[in-house]
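In: Mind folding the following:
(chains A and B)
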Protein chains: 2
Amino acid sequence: MKHSEYGDVSSNHVIVGVLGGMGPDATVAFMQQIIDVTPAEDDIDHIHLLVDNNPKVPSRIKALIDGGNENPGPVIADMARRLEHAGASFLVMPCNTAHYYWQYAQDAVDIPVWHIVELTLNFIARRIPRARVGMLCSPALRKIGLYEGFVDARGLSLVYPDDENSLLEVIRTVKRGEGQHSDTFSAFSRAADDLEVCGADVLVLACTELSVIQGALDTSVPVVDTLQVLAQQVVMTAVGVDASELREQDPIGLFTG
Amino acid sequence: MKHSEYGDVSSNHVIVGVLGGMGPDATVAFMQQIIDVTPAEDDIDHIHLLVDNNPKVPSRIKALIDGGNENPGPVIADMARRLEHAGASFLVMPCNTAHYYWQYAQDAVDIPVWHIVELTLNFIARRIPRARVGMLCSPALRKIGLYEGFVDARGLSLVYPDDENSLLEVIRTVKRGEGQHSDTFSAFSRAADDLEVCGADVLVLACTELSVIQGALDTSVPVVDTLQVLAQQVVMTAVGVDASELREQDPIGLFTG
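Out: Got it, this is the predicted structure:
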């Protein structure tokens, strides 16, 4: 991704459009991450975000796994158009699975729609060449092969946990707002352990519901949160700083596990 | 405020427009409060929020206290128009001081713009008739007399802390993202103690930066968070439930102080 593909950020009033609500908690966590890494002395130093936190988008998991007949694509396209019309400079979508419908959004607008998978795998390939990437994600993400299209060109490979249904239950529990319990944390950590045993060099949090409870993970393998990669890139682009100027050093936690 | 004044919420797809970014942390906290009290089993049960998290609105404190010459009113009016155009059913503004410019927003749109002071004082008057209301707020709020216009009709009275500059410093520290320190917490608690000594029956968190650090308050007087009153009313209106059906009982914390 070349710098110009990030959108027109030459004016000093960049508006970041957020295709959100998938789910709503993840969008709020993403907004907080942006605020936390922005170098700021007062309100005015923060980034202008225009957020469509729309939890009424038809379920991606239902459409992709359970065979629901409501296509989320056109709804996401409408949201993209609305944000562009309202003045967004570029769009981001803090949800991995929803990127199955990324083309709907990009086709609907003239501004760039960033791709979370591209950003995440670029980030990893620069730091751990030829990494075997352990995927902490919903079964829907594996089924649609969202990451597969991006790994070969970057010399990376993927590994998924054996027990995907257990991880799906973790995600559903977080969506119900009931994720703060020890059995949820255990199921989450078991999946991470599986991936480590299978030779993962790095773990990717590729489901924003899992990002929300990442504090529960206890693993020696570096963990990359896709939501944080996206937040960090938003701040660097919108404020015009490089990684060393972000408020938190190493906000990605790549080498802090 | 009659129920019809809450806006057209008869369709089952209510979109709540949020005039946000004043400051950005407070807007994110407000969104999280809405999510936390919403009765929900899955994403789709949550409320559709359209959020203009715009930290570039000219400083209200500068305009009202320091004599800055940039008027925030027209910017807030533009934000209101943009949210109405994008489909909002009604508008809310999670910032007390910005309500000085409430009329700009309401004059700019045909949908209702809720008033946080009206909602908060209605809430208190119903629970503690003739209450003496202790104000934890910025000096700007006192100077503009925002609450004064609403108390007489409700049989309430107001009391402010003696040392307002110290509370202003607390607010500025939170805006810098540095509010999680013991000296900030002490200054905040001293202001609450002052109000209790002056006979306050209830304390109102009337500055959203103070809502963010309310966990630091240690007082026997009930505390009402204006941000939480607003969030609770948004959920009751948008979902069509009454207070007993909210996910957290007594989310206002009125009797848990």
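
In: For stretch A:167-185, buried residues please.
Out: Across stretch A:167-185, burial judged by 16 or more other Cβ atoms under 10 Å in any protein chain shown covers A:167, A:168, A:170, A:171, A:172, A:173, A:174, A:175, A:177, A:179, A:184, A:185. From N, CA and C alone the C-beta is placed, and that goes for glycine too.

In: In helices, which of those residues fall?
Out: Those of the buried residues of stretch A:167-185 mapping onto helices are A:167, A:168, A:170, A:171, A:172, A:173, A:174, A:175, A:184, A:185, per DSSP state H.

In: any idea which of these is least confident?
Out: Sorting these by pLDDT puts residue A:175 at the bottom of the list (76).

In: was I right about residue A:82 contacting residue B:87?
Out: Yes - if you go by Cβ atoms under 8 Å, residue A:82 and residue B:87 touch, sitting 7.3 Å apart.

In: Mind checking which of the two has more residues around it?
Out: residue A:82 (21 against 15; other Cβ atoms under 10 Å in any protein chain shown).

In: Could you pull up the residues touching that one?
Out: A:52, B:86, B:87 (Cβ atoms under 8 Å, 6 or more residues apart in numbering or on different chains).

In: rerun that using 7 Å as the cut-off
Out: A:52, B:86 (Cβ atoms under 7 Å, 6 or more residues apart in numbering or on different chains).

In: go on, residue A:87?
Out: For residue A:87, the contact set (Cβ under 7 Å, 6+ apart) comprises A:15, A:50.

In: run the last query once more with 10 Å
Out: A:13, A:15, A:17, A:48, A:50, A:111, B:52, B:78, B:82 (Cβ atoms under 10 Å, 6 or more residues apart in numbering or on different chains).

In: Burial check on residue A:110, number of neighbours?
Out: 6.

In: Just the helices from the stretch 101-250 of chain A, written as ranges.
Out: For the stretch 101-250 of chain A, helices defined by DSSP state H, counting those that start in this stretch occupy the ranges A:102-108, A:116-127, A:139-144, A:148-151, A:164-175, A:182-197, A:208-212, A:226-235.

In: ok and the second one relative to helix A:226-235, angle-wise?
Out: Comparing the axes of helix A:116-127 and helix A:226-235 via axes from the mean of the first three to the mean of the last three Cα atoms, to 10 degrees yields an angle of 90 degrees.

In: And helix A:116-127, how far out from the chain middle?
Out: How far helix A:116-127 lies from its chain's middle: 11 Å, per Cα atoms, centre = their mean, to the nearest Å.

In: Show me what that helix is packed up against.
Out: Counting contacts by 3 or more Cβ pairs under 10 Å, 6 or more residues apart in numbering or on different chains; DSSP states H and E, helix A:116-127 is packed against helix A:102-108, strand A:132-136, helix A:148-151, strand A:202-205, strand A:223-225, helix A:226-235.

In: okay, that helix in CSV with CA atoms only?
Out: Extracted C-alpha coordinates of helix A:116-127, given in CSV (Å, rounded to 0.1, in the frame of the first residue of the first chain):
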residue,chain,number,x,y,z
ILE,A,116,-7.2,-4.5,7.7
VAL,A,117,-5.7,-7.7,6.5
GLU,A,118,-3.3,-6.0,4.1
LEU,A,119,-2.1,-3.6,6.9
THR,A,120,-1.7,-6.4,9.5
LEU,A,121,0.3,-8.8,7.2
ASN,A,122,2.5,-6.0,6.0
PHE,A,123,3.2,-5.1,9.6
ILE,A,124,4.1,-8.8,10.5
ALA,A,125,6.2,-9.4,7.3
ARG,A,126,8.4,-6.4,8.0
ARG,A,127,9.1,-7.6,11.6
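
In: Could you give me the buried positions within that helix?
Out: For helix A:116-127, the neighbour count (16+ other Cβ under 10 Å) marks A:116, A:117, A:118, A:119, A:120, A:121, A:123, A:124, A:125 as buried.

In: Out of the residues you listed, the closest to residue B:91 would be?
Out: Residue B:91 lies nearest to residue A:116 out of the buried residues of helix A:116-127, by Cβ to Cβ, at 30.5 Å.

In: In contact with that closest one: list those residues for me.
Out: Going by Cβ under 10 Å, 6+ apart, residue A:116 touches A:92-96, A:98-99, A:102, A:146, A:206, A:208, A:226-227, A:229-230, A:233.

In: Whichever of those residues end up buried, select them in ChimeraX.
Out: Those of those that count as buried under 16+ other Cβ under 10 Å are selected in ChimeraX with:
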select /A:92,93,94,95,96,98,99,102,146,206,208,226,227,229,230,233
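
In: Residue A:135: which of the contacts of residue A:116 is nearest?
Out: The closest of the contacts of residue A:116 to residue A:135 turns out to be residue A:206 (Cβ to Cβ; 5.6 Å).

In: For that closest one, give me the pLDDT.
Out: For residue A:206, the predicted pLDDT is 92.

In: before we move on, what about residue A:10?
Out: Turning to residue A:10, the model gives it a pLDDT of 62.

In: Get me the contact residues on the stretch 101-250 of chain A for chain B.
Out: Proximity of the stretch 101-250 of chain A to chain B (Cβ under 10 Å from any Cβ of the partner chain) is limited to residues A:172, A:175, A:176, A:177, A:178, A:209, A:247.

In: rerun that using 7 Å as the cut-off
Out: Residues of the stretch 101-250 of chain A found near chain B (Cβ under 7 Å from any Cβ of the partner chain) are A:175, A:176, A:177.

In: can I get the buried residues of helix A:116-127 in a markdown table with pLDDT?
Out: Output for the buried residues of helix A:116-127, formatted as a markdown table (pLDDT from 0 to 100):
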| residue | pLDDT |
| --- | --- |
| A:116 | 96 |
| A:117 | 97 |
| A:118 | 96 |
| A:119 | 96 |
| A:120 | 96 |
| A:121 | 97 |
| A:123 | 93 |
| A:124 | 95 |
| A:125 | 95 |
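
In: Closest to residue A:131 out of those?
Out: Nearest to residue A:131 out of those is residue A:124 (Cβ to Cβ; 5.6 Å).

In: quick revisit: just the ones of the contacts of residue A:87 in strands?
Out: Among those, DSSP state E puts A:15, A:17, A:48, A:50, B:52 in strands.

In: Kindly reformat those residues as TSV containing neighbour count, distance to residue A:33 and pLDDT.
Out: Shown next, in TSV, are the ones in strands among the contacts of residue A:87 (neighbours: other Cβ atoms under 10 Å in any protein chain shown; distance: Cβ to Cβ, whole Å; pLDDT from 0 to 100):
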residue	neighbour count	distance to residue A:33	pLDDT
A:15	23	18	97
A:17	28	17	98
A:48	20	16	97
A:50	26	17	98
B:52	27	19	98
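
In: which pair in those residues spans the largest distance?
Out: For the ones in strands among the contacts of residue A:87, the maximum inter-member distance is 10.8 Å, found between A:17 and B:52 (Cβ to Cβ).

In: what sits in contact with each of these two?
Out: Joint contacts of residue A:17 and residue B:52 (Cβ under 7 Å, 6+ apart) are residue A:50.

In: Thank you, goodbye.
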